[in-house]
Every structure is written in structure tokens, then in C-alpha cells.
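K.L.:
sequence first, predicted model second:
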Amino acid sequence: WSRSKKKEEQYWERQELPKELSKIKSIFQWNDLPSDFKDRHVDYIEQEFDYRESGMFFKNNGTP
């Protein structure tokens, strides 16, 4: 992942959690949510688990 082609603009920045998901504090709250809510966020959650398992690669001042 690269935010820019300019070296000085290449750095890691934390991506904000979607507001709806930031309110969930436990698996119990998640389990109580309706299926349509879960369906809207499943792709985001799976991507975050992929980053967790495989890492998230980005360029920092031109270095991957």
C-alpha cells in the first residue's frame, strides 16, 4: 500500500474504525446484532483479520 509517489508523503497512518463497529465492546454485543448489520461489515472485518495474520505492507519513505 502506498499513499503517494513522493517519498516524504509515504508513511503509515492508522485507519479509523467504522463508527458503527467502534461501539461494539464484546463478542456478546456482536452476537446480539441483527444479521444485516453483520453482513454490511463482514468484508471489513475479514480484511482486518487478513492484515493481522499476514501483515499490512506499505511504503515508508520509499521503502516497502
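P.N.:
Structure's in. What do you need?
K.L.:
contact partners of the helix or strand hosting Y51?
P.N.:
Here Y51, judged by DSSP states H and E, is contained in helix 35-54. Contacts to helix 35-54, defined as CB atoms under 8 Å, 6 or more residues apart in numbering, come from residues P18, E20, L21, W30. The way it works is simple: take the backbone N, C-alpha and C, and place the C-beta from them, glycine included.
K.L.:
pull the contacting residues for L21.
P.N.:
H41, Y44, I45.
K.L.:
10 Å - rerun?
P.N.:
W30, F37, R40, H41, Y44, I45, E48 (CB atoms under 10 Å, 6 or more residues apart in numbering).
K.L.:
report the two of the residues you listed separated the most.
P.N.:
F37 and E48 (16.4 Å; CB to CB).
K.L.:
Serialize the contacts of helix 35-54 to JSON lines and add fields for pLDDT.
P.N.:
Listed next are the contacts of helix 35-54 as JSON lines, based on pLDDT from 0 to 100:
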{"residue": "P18", "pLDDT": "93"}
{"residue": "E20", "pLDDT": "95"}
{"residue": "L21", "pLDDT": "96"}
{"residue": "W30", "pLDDT": "95"}
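K.L.:
report the buried members of those.
P.N.:
Buried members of the contacts of helix 35-54, counted by 16 or more other CB atoms under 10 Å: none.
K.L.:
what average pLDDT does the helix holding Y51 get?
P.N.:
Mean pLDDT, computed over helix 35-54, is 94.
K.L.:
give me the most central residue, the chain.
P.N.:
E48 (4.7 Å; CA atoms, centre = their mean).
K.L.:
check the spacing between it and S54 real quick.
P.N.:
For E48, the distance to S54 equals 11 Å [CB to CB, to the nearest Å].
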